[in-house]
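>>> Here you go, sequence then predicted model.
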Amino acid sequence: MRTQIGTAATRQPHAATGLYQGTTLVVPIAAVLLGGFSRAGTAESDDGTKRCILRLVWGFNLRSEIYNLRSRNRMMSKLNPTLRRALHCSVLAAAVTAFGGAGDPGTRFNQLGHQLMCICSCGQILLECNHVGCPDSDGMRNELMAAVTRGDSDSLVQQSFVQKYGPTVLAAPSTSGFDRTAWIMPFAALLVGFTIVVFIVRAWKNRPAPALADGIRPLRGPELDQFREQARKETEL
Amino acid sequence: MAHIGSFALLLALALSMYSFGGGVLALLFQNDPRSARLGETARRAGIAAFGAVLLAAFVLVISAFRDDFTIAYIFHHSNRDLPTAYKFAVLWSGQEGSLVFWALLLSGYGFVLRLRYKTDPRLFAYASVILAAVQVFFFALVNFAANPFGLLEGPMRADGSGLNPLLQYPEMVIHPPMLYLGYVGFTIPFAFALGALIMKYPGEKWIHITRRWTMVTWGFLTVGIFLGAHWAYAVLGWGGYWGWDPVENASLMPWLVGTAFLHSVMMQEKRGMLKVWNMWLVFLTFWLAILGTFLTRSGMIQSVHAFAQSSIGSWFAWLLAISFAVFLYFFIKNKEHLRSEHKLESLVSRESSFLFNNLLFLLLCFTVLWGTWFPKISELVQGNKVTVGAPFYNRVAIPVALLLLILTAIGPLLAWRKTSFESLKRNFMWPTVGAIVTMMFLMATPGSWGKPFGLRPWEDVSYFYSLMAIGLSVLVTLTVASEFYRGGRVISDKTGQGMFASMVQLTHRNTRRYGGYLVHFGVVVVVIGIAGAAFNQEKEQEMGYGDKLNIGSYTLVCRSYTNDDFPNYEAEWAVLDVFKNGKLIDTLTPERRFYKASRQTSTMPYIRSNMSEDLYLVYEGLNQDTGRPILKAHLNPLVMWIWLGVWIILGGTVLALVPNAPAPVRMPARTLVEHAAPVAGD
């Protein structure tokens, strides 16, 4: 029998976009931004930022960690103190909001149900499977509800589903082993692409200008700007 | 009938082979006086091939209308009671027929290209030959590997198996043709690009010709993709419009690269830069269209579009390999011809914005390609498949799409060569202020106003993305509006016309530029619609007579259930009264159908749309244990904006294709006075 579920919960947005991990995304992003600004280019930056993120994610001593970031901050120290305080407060607010209120069973059911696939070959997310007479989705939903009601952790629920139905039951690759490359590659591509674009831009900027005939001198400075402005006006329409 | 169809396909193959062979010989021996006549016969053979494949397609459709179940394809994809419109759709609803349809569209494009050869006879001769080579491939495929006129073995059948129920929806009559027009159309820019590369085409005229073809094709593909999304939304009944299925991804990849090309081509036209890059983008767009077809028809990648799986994948693999090898050979041979003419003067310029625009489009394309292939790669490396679904794509693609939105706002306002800080400040200050005020307003308003008000980005990362998307959309809209306003004001000052008339005149004078802005605005409207997905709600409930279901501000009350028998299907549906804030506003009838011929069941959701939200109801059938019907309700905010945005994009694309109005002739002041004097005297 299909469980009757009232799912119009306050954290429903997770379901729509597949972006379920507000708890683990907002804080690291903010921490990376702050940490990256504060110690860019220093030897300690990588380890320090990583440590901060871990501590922020796991909720250890948030206030002192942010205080530490601030004390070692170079760029941040140049900011207006009010702005700086506002930034730090926003990080704290994000952390507090993110860690609070993610645990009610309805929300967790909804989140986890959108991270799992129905295995009836319909190719749909478990909670979106509308396959009429689907032989699997009802049972899987009931299992999920039971696990959530028992209070099993997210990873335990996912592991039990993987053990029972195989790795294809997860809607996205995991972040361990070879599956990690699925997540890394797009960002690696961005990095490579960005490097290539920067390289191209530099190469193009350094390209020698075409030689001019005798008696013609290249225009520079205000004179050039004046002609550009004139050309823009004349060609705009 | 089947024999006529088979003969027509064979004839089309022979004609396209002649068009290719004759065309190649004519180009190889251009100094021979007979080559011109040979080239002309090759061109005409290409035109005639269109007639032959048109006949084959006509025979297939007529066979569907005549219920000729001796033809296996008709037996498997049609039945006697199938409505007339869907009998047309039989042409593209199965593997073999859809390949004939592909060949028909390709030949149709070739027909137009070969008729317009006088634009540039030599370049068109090269393009015609390359097109003929692709035609040979498709005609060989439908003749020898996927012939739609194969006869059914065994006794004559009284009725067919019927069309897949999911395809029995009005949009399926126009979605595949649009999508195929897009896919197939990318062959034309490829043919021109490769032709220009082979002949070392002097100047940039080929890129002007190619750009127009690409815009037409891009327009078709855009409409095709969104029609597919709307079909998924209106028929599949899961409440969404994009599921990142491999077939959807296959259509998105060439669209992304084609969009990148439509931007970067301006660099080549205006500044003589990115010649190599554009050449590769054109090739990649064509190649990805074929790769998508290979992915979805080879059965290599699992997809819900299982009807398209078969064993013809190896044919497409060969086409991919050969086309890549040919293109690479001529690129290496003639790459010196593609040297850039100018240098980049500043990082803050239109040129560099196009570079980053291309980087992000290509990155999105790579992400989609990588996600689509990863299950296969995982199987090869670690022996087990994994699923790469919506959570993966959403997490990776949304931030990149937001960056693209920033560039959409910035790019058009940057000047070519170099942009001064003062100019940036002047152009961006008010749009930026507008965007920030909008975002703060959305954050400050109470959630009870409905979505997207009361957006608290710190509550959830999806809210954060939604807020950014809406804020950036406002930024783009204001920059586009400021461009229209500034240009209109200049004309208004010069001519004394009203502002609206000036803006219309401005648009007529540079349709491509302002059509492009309109496309950007359409994209923004689509983005706002997509941002609404962050607030989707859903609720599922068993509902007996008089039971209530509350979702958002709606209350649904079950009035009754009923059923009926139609020639093609049996239907059962629920009758639900919809109340909003206690007032009866509508009666909805979500439906479930059982198609008799195919013996398959399908749901027909009922969607009540307005600009703020869609109430989407699915009748899921009876609970086997209790005998009570199950209903699922979705409340999807802002979905209508997506479909509205597509119309704007389409309008902008059409506008950009309209030739510019001639600029007014500037007459010296004295002449004007002379002309004006007699009138004044009258």
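Happy to help now that I have it.

>>> what helix or strand is the residue nearest to B:I491 when sequence neighbours are not counted on?
Leaving aside its chain neighbours, B:I491 sits nearest to B:S502 (3.9 Å; criterion: C-beta to C-beta, 6 or more residues apart in numbering or on different chains). Using the backbone N, CA and C atoms, a C-beta is placed for each residue, glycine as well. In this assignment (DSSP states H and E), B:S502 forms part of helix B:499-509.

>>> just B:G154 next, same as before
B:G154 belongs to no helix or strand, assigned by DSSP H and E.

>>> follow-up on the earlier one: my read: the residue nearest to B:I491 touches B:F484, true?
No: in this structure B:S502 lies outside contact range of B:F484 using C-beta atoms under 8 Å: 9.5 Å.

>>> Tell me who's in contact with B:M439.
By C-beta atoms under 8 Å, 6 or more residues apart in numbering or on different chains, B:M439 lies in contact with B:467, B:470-471, B:474.

>>> The stretch 51-200 of chain B: helices as residue ranges?
Along the stretch 51-200 of chain B, the stretches classed as helices by DSSP state H, counting those that start in this stretch are B:72-77, B:84-93, B:95-115, B:121-144, B:171-185, B:187-198.

>>> B:V557 looks like it's in a strand, true?
Yes: under DSSP: H, G, I helix; E, B strand; the rest coil, B:V557 falls within a strand.

>>> Give the burial count for it, as a bare number.
17 (other C-beta atoms under 10 Å in any protein chain shown).

>>> Show me the longest helix that occurs in the chain.
Here I'm looking at chain A. Counting residues, the longest helix found in chain A (DSSP state H) is helix A:180-206.

>>> oops, I was thinking of chain B
Under DSSP H, chain B gives helix B:461-495 as its longest helix.

>>> counting contacts, what elements does it pack onto?
Counting contacts by 3 or more C-beta pairs under 8 Å, 6 or more residues apart in numbering or on different chains; DSSP states H and E, helix B:461-495 packs against helix A:13-17, helix A:22-39, helix B:390-410, helix B:421-444, helix B:499-509, helix B:511-531.

>>> Tell me which residues are up against the fifth one.
For helix B:499-509, the external contacting residues (C-beta under 8 Å, 6+ apart) are A:237, B:484-485, B:487-489, B:491-492, B:495, B:497, B:514-515, B:655, B:660-661, B:663.

>>> Quick one: work out the angle between that helix and helix B:511-531.
Counting by axes from the mean of the first three to the mean of the last three C-alpha atoms, to 10 degrees, helix B:499-509 points 110 degrees away from the direction of helix B:511-531.

>>> what about helix B:499-509, distance to the chain center?
Relative to its parent chain, helix B:499-509 has a centroid offset of 29 Å by C-alpha atoms, centre = their mean, to the nearest Å.

>>> That helix vs helix B:461-495, what angle?
100 degrees.

>>> for helix B:499-509, which positions count as buried?
For helix B:499-509, a neighbour-count test (16 or more other C-beta atoms under 10 Å in any protein chain shown) marks B:502-507, B:509 as buried.

>>> Let me see the mean pLDDT of that helix.
Averaged over helix B:499-509, pLDDT sits at 88.

>>> The shortest one now?
This predicted structure assigns helix A:13-17 an average pLDDT of 36.

>>> got it, and the third one?
For helix B:390-410, the per-residue pLDDT values average out at 90.

>>> With the longest one instead?
With pLDDT averaged residue by residue, helix B:421-444 scores 86.

>>> List the buried residues in it.
Within helix B:421-444, the residues scored as buried using 16+ other C-beta under 10 Å are B:423, B:427-428, B:431-432, B:434-435, B:438-439, B:442.
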